[in-house]
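J.: Let me see the structure of the following:
(one chain, ligands or ions: 3)
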Amino acid sequence: MDNLIFEKVDNYIAELLAPEDKALTDTLDSIEREGIPSISVSAPQGKFLQVMALACNAKNILELGTLAGYSTIWLARTLPEDGKIITVEFDEHHAAVAQKNIDNAGLSAKVNIRIGKAIDILPQILANEEGPFDLVFIDADKPPYKEYFEYALQLSRPGTIIICDNVVRNGAILDENTTDERVQGVQRLNKFLSTCNKVTATIMQTVGAKEYDGMAIAIVK
Ligand code: SAH
Ligand code: DHB
Ligand code: MG
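T.: Ligands and ions are numbered 1, 2, ... in the order given. Predicted coordinates:
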């Protein structure tokens with residue numbers, strides 16, 4: 001089967017259940033205009049994040065990997081008046097573009113962008129006792145995914161939902177001899193999930209307009 005049917009169905013789902021308003025299409029336009037990689041979640045995936053956030057009544061969300069703020073906007077829109085999302089981004093240009101997009105979406109009061117490497121920011125969030133988070137979305141660089149997940153666990157409460165993007169990578173995770181450290185990173189995470197008794201987890205394969213991939217979804221016990 002070619003990808004065309006996946007793309008057509010993705011568009012069908014997006015039109016039916018995940019229509020984008022101007023703040024979201026402006027965000028996608030900014031990605032193109034600013035020469036930022038086009039690696040945001042899709043609209044149906046943004047809606048999926050919203051469904052998960054609402055399922056756990058999220059008031060306090062943590063995101064690793066902001067890019068231009070596309071997934072941040074989907075998530076932040078589920079938050080109650082006094083809800084907060086901290087989103088961590090290493091690239092200053094991405095963070096500056098994201099801040100504009102978040103302002104444009106009217107979400108500045110709920111979104112806090114932290115600029116820096118996630119591996120440096122996470123211990124600060126822990127030390128400052130900014131958790132527990134109700135939902136954590138891990139979508140930054142792939143090699144330290146297991147370490148990010150372990151921090152997420154430390155920042156969780158029973159019932160916290162932890163979602164990790166890009167854990168299938170076109171099926172490359174099946175290759176045990178891969179030399180791609182991004183694939184090795186998600187393989188380490190996936191293996192960890194199989195032995196971690198602190199969560200109930202699975203992996204959903206994702207097809208659509210973007211490349212074939214998957215998301216891990218874990219609920220903290
Ligand atoms: N969640 C976004 C997409 C994130 S893409 C969305 O769906 O809209 C991954 C982002 O992680 C990029 O912006 C990249 O600059 C950032 N990143 C890469 N390495 C990082 C690191 N070590 N710490 C924090 N962010 C990082
Ligand atoms: C890449 C990163 C992502 O988070 C994604 O969803 C797709 C691709 C990448 O770095 O190639
Ligand atoms: Mg991703």
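J.: Spell out which residues of this structure are next to ligand 3.
T.: 139, 165-166 (CB under 5 Å from the ion). (C-beta placed from N, C-alpha, C; glycine too.)
J.: Filter those residues down to the ones in strands?
T.: Asp165 (DSSP state E).
J.: Generate CSV for the residues of the chain next to ligand 3, with pLDDT as supplementary columns.
T.: Converted to CSV, the residues of the chain next to ligand 3 look like this (pLDDT from 0 to 100):
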residue, pLDDT
Asp139, 99
Asp165, 98
Asn166, 98
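J.: which of the residues of the chain next to ligand 3 come close to ligand 1?
T.: Asp139 (CB under 6 Å from any ligand atom).
J.: which residues are contacting the helix or strand harbouring Thr25?
T.: Taking DSSP states H and E as the criterion, Thr25 maps to helix 22-33. For helix 22-33, the external contacting residues (CB atoms under 8 Å, 6 or more residues apart in numbering) are 20, 36-38, 40, 43, 46, 67-70, 73-74, 97, 100-101, 104-106.
J.: what's Leu64 in contact with, if anything?
T.: 87-88, 118, 122, 136-140, 148.
J.: ok, of these, which come out buried?
T.: Buried members of the contacts of Leu64, scored by 16 or more other CB atoms under 10 Å, are 87-88, 118, 122, 136-140, 148.
J.: check whether the helix holding Thr25 contacts ligand 1.
T.: No. Judged by CB under 6 Å from any ligand atom, helix 22-33 makes no contact with ligand 1; its nearest approach is 8.0 Å.
J.: how many other residues sit next to Val199?
T.: Residues near Val199, counting by other CB atoms under 10 Å, number 20.
J.: Can you pull the residues of the protein lying near ligand 1?
T.: So far as CB under 6 Å from any ligand atom goes, the chain lies against ligand 1 at 39-41, 65-67, 70-71, 88-91, 94, 117-118, 139-141.
J.: ok, now with 5 Å
T.: Within the chain, the positions lying close to ligand 1 (CB under 5 Å from any ligand atom) are 39-41, 65, 67, 70-71, 90-91, 94, 117-118, 139-141.
J.: Between the residues you listed, which sits nearest Asn190?
T.: Nearest to Asn190 among those: Asp139, at 15.6 Å, using CB to CB.
J.: That concludes my questions; thank you for your assistance.
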